[in-house]
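*Asks:* prediction below, plus the sequence it came from.
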Amino acid sequence: MTIAWFDNFLIFMEATRTRHATIDDLLERLLEKGIILNLDLVIGVAGIPLIGVNLRAAIAAIETLIEYGIMEAWDEDIRKYAATEIQRKKIALAPGESVTLEMFGSYWYSNGIYRAWQSGRLFLTDRRLIVYRPEPAEVLFQTPLDAIQDFTVTQETHFTGTERDIFRFSLNNGNVAAIYAEDTEILENALETRLTGLGNTPKGDLAPFQRERAIGGLIPEKIIADGVLWYQTPGAGIHGPTWRPGWLYLTVDRLIWWSEFDRQIGLEIPLGKIQGIHMEDRDLSGVLNTRQVLAVAFKHQSEREEAYFSGDELPQWQRAIKAQVLDYGGGGFDVGY
């Protein structure tokens, strides 16, 4: 327990740790707007002041500091180099293309079993909608405005527990893209104006994905990976084990399989209960013949059980689950299993 006085207020500070917290929100605020620290701090033990701290500091991205003239005391050569690098990392526009709106934004990235929000700068130009990451420089998402068929704004619960607005875009190639914008109202109004000018007035009735409606708030924690996998449900009565289609979710706390047939969670394994994972060949059925499956060993009550999954990208699933269990602190995990 640490005791400190701040502007004549007595503060009790106790270290805490949560697995669901990340530094993403702090970095987002730090790089986008910066932080000004202006405090006088006295640290004491048992009411006796021991250490005094007088701190005046500005912390922000170099681009922000240069923009506001805070780094004027820098060496001229360093300032020129920094300005050149900043210019190099700016988004490349087509000839005659102009930016009408810029703000912080994120794009829902999907590759294989991995799903994650990738943060950057959101640009609305007179031709495109773009999410661009300056470092390392990469266009995370872009679409011509005339390729947007419709869009809607829905609310979702962030893994930090806060509610936030998400844009979902229906594109003419059949894909649906999800984007988070720092200022929902400004972007929504600008998009409506721009699309209406192109003769495509948004209807705003784009339905959320069926799977997302079904899963609802059953998985409030952060999802590390998800994908379509078959699961061998245990036998019951006269019926033997059956392979059923569904979605497997790896979160920061659990491994969850969602049954497409029953529209509910069919299997839930806490990460601390997983004892090993490996791949093996199994005869799935007379039609599917022998295929590779992913076997997950876990402790259920006092017994050791195994869950079997089949589908694509099993090596990715094996690596992701193993890494997450070890990160979680699974002391009973058998790496050689």
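*Replies:* The structure has been received and is ready for your questions.
*Asks:* going forward, measure contacts between C-alpha atoms and count neighbours the same way
*Replies:* Noted.
*Asks:* which stretches of the stretch 151-300 of the chain have low pLDDT?
*Replies:* For the stretch 151-300 of the chain, the stretches with pLDDT under 70 are 157-161, 205-217, 236-239, 284-289.
*Asks:* let me see the ranges of the helices in it.
*Replies:* Assigned by DSSP state H, counting those that start in this stretch, the helices in the stretch 151-300 of the chain fall at 184-197, 210-215.
*Asks:* most packed of those?
*Replies:* Burial of the helices of the stretch 151-300 of the chain is given as mean neighbour count (mean count of other CA atoms under 10 Å); helix 184-197 ranks first at a mean of 15.
*Asks:* redo the helices of the stretch 151-300 of the chain as CSV? Include distance to Asp165.
*Replies:* Shown next, in CSV, are these (distance: least, CA to CA, whole Å):
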stretch, distance to Asp165
helix 184-197, 7
helix 210-215, 15
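*Asks:* please tell me how far Asn175 sits from Ile265.
*Replies:* Using CA to CA, to the nearest Å, one obtains 27 Å as the distance from Asn175 to Ile265.
*Asks:* those two: who's more crowded?
*Replies:* Using other CA atoms under 10 Å as the criterion, Asn175 and Ile265 rank with Ile265 on top: 16 against 8.
*Asks:* my read: the more buried one touches Leu255, true?
*Replies:* No: the pair Ile265 / Leu255 is not scored as a contact, 10.7 Å apart, by CA atoms under 8 Å.
*Asks:* please enumerate the strands of the stretch 201-337 of the chain.
*Replies:* Applying DSSP state E, counting those that start in this stretch to the stretch 201-337 of the chain gives strands spanning 223-233, 242-251, 254-259, 264-270, 274-285, 289-300, 303-310.
*Asks:* which of the ones you listed sits most buried?
*Replies:* Comparing the strands of the stretch 201-337 of the chain by mean neighbour count (mean count of other CA under 10 Å), strand 254-259 comes out on top with a mean of 22.
*Asks:* what helices and strands are in contact with it?
*Replies:* Where contact means 3 or more CA pairs under 8 Å, 6 or more residues apart in numbering; DSSP states H and E, strand 254-259 is packed against strand 242-251, strand 264-270.
*Asks:* next, the angle strand 264-270 makes with the longest one.
*Replies:* Angle of strand 242-251 versus strand 264-270, following axes from the mean of the first three to the mean of the last three CA atoms, to 10 degrees, is 60 degrees.
*Asks:* quick one: strand 242-251 to strand 274-285, angle?
*Replies:* Going by the same axes, to 10 degrees, strand 242-251 makes 150 degrees with strand 274-285.
*Asks:* in its sheet, what does strand 242-251 sit against?
*Replies:* Strand 242-251 has the following strand partners under DSSP bridges: strand 223-233 (antiparallel), strand 254-259 (antiparallel).
*Asks:* and the shortest one, by the same measure?
*Replies:* Applying DSSP bridges, strand 264-270 is found paired with strand 254-259 (antiparallel).
*Asks:* got a list of contacts for the strand it pairs with?
*Replies:* With contact meaning CA atoms under 8 Å, 6 or more residues apart in numbering, strand 254-259 is reached by 231, 244-250, 264-271.
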